[in-house]
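A.B. asks: heads up, no residue letters with this:
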């Protein structure tokens, strides 16, 4: 099942460009069907960050080309890993949160 392509607003594209640049990936890598661990982690952290910034799971899903339920799982996973002080996730969250 292919994700429904909806129009992204200019501010959302700019936000994704900034976040993906900080994370060292492209928007294309974030939105493609890649399940490579390093890209998946970055996608999950970006989903977590966007939700912390007030975006709805549905909107985040549209921005990242995923279903909203996947974004809920990503948010919960990042929270769980932050709770146990996972080094990789903590570094990614610090990287994305600095100067935003």
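C.D. replies: Perfect, I can see it now. All values derive from a computational prediction rather than experimental measurement.
A.B. asks: so where's this structure uncertain?
C.D. replies: Where the chain drops to pLDDT under 70, the residues are 1-5, 99-100.
A.B. asks: the strands in it, which residues?
C.D. replies: For the chain, strands defined by DSSP state E do not occur.
A.B. asks: center of it - which residue?
C.D. replies: Nearest to the geometric centre of the chain sits residue 46, at 2.5 Å (Cα atoms, centre = their mean).
A.B. asks: my guess is it meets residue 96, correct?
C.D. replies: Yes: using Cβ atoms under 8 Å, residue 46 is in contact with residue 96, at 6.9 Å. Where you see a C-beta, it was placed from the backbone N, CA and C, and this is true even at glycine.
A.B. asks: Please enumerate the shared neighbours of these two.
C.D. replies: Shared contacts of residue 46 and residue 96, defined by Cβ atoms under 8 Å, 6 or more residues apart in numbering, are found at 19, 23.
A.B. asks: Distance of residue 32 relative to residue 26?
C.D. replies: Taking Cβ to Cβ, to the nearest Å as the measure, residue 32 falls 9 Å from residue 26.
A.B. asks: now the closest residue to residue 50 other than its chain neighbours: how far from residue 12?
C.D. replies: The shortest distance from residue 50 to any non-neighbouring residue, by Cβ to Cβ, 6 or more residues apart in numbering, is to residue 60 (4.8 Å). Counting by Cβ to Cβ, the separation of residue 60 from residue 12 is 10 Å.
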